[in-house]
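Undergrad: Sequence first, predicted coordinates after that:
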Amino acid sequence: MAKKPKIKTPDWILKGEKPEKTKKKGKTFKVRKCPKCNSYDVSVVIGEVGVWQCKECKWKGRTPKEEELDEEEFMKYLDEKGEEVA
């Protein structure tokens, strides 16, 4: 019976780095961005199922970028957008 090779420790662990897709701790918020101009001003197109449109560059498509923000980043995002926070 042949020996199985040992499992190798991933490089990111050896270097002490975190993997790119780590979950943020605490409450998180998802915001959508335009994949073309990175604007947060995207919205659903009424009358077209699953279609999004950027109000700045007029991009239309089905898959806007999603960005996950923690509570502090989300509050900063709302401040920059000019939204009132209670």
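TA: Yep, it's here. Numbers count the residues shown, from 1 in each chain.
Undergrad: next helix or strand past the helix or strand where residue 29 lies?
TA: Remark: residue 29 resides in strand 28-33, with elements defined by DSSP states H and E. Counting by DSSP H and E, the next helix or strand C-terminal to strand 28-33 is strand 42-44.
Undergrad: I'd like the mean pLDDT over stretch 48-63, please.
TA: Averaging pLDDT along stretch 48-63 gives 92.
Undergrad: And the contacts of it?
TA: With contact meaning Cβ atoms under 8 Å, 6 or more residues apart in numbering, stretch 48-63 is reached by 32, 34, 35, 36, 37, 39, 41, 42, 43, 44, 45, 64. In this view, the C-beta of every residue, glycine as well, is placed from N, C-alpha and C.
Undergrad: and with 7 Å instead?
TA: For stretch 48-63, the external contacting residues (Cβ atoms under 7 Å, 6 or more residues apart in numbering) are 34, 36, 37, 39, 41, 42, 43, 44, 45, 64.
Undergrad: And stretch 73-84, by the same measure?
TA: With Cβ under 7 Å, 6+ apart as the test, stretch 73-84 has contacts from 29, 31, 40, 69, 85.
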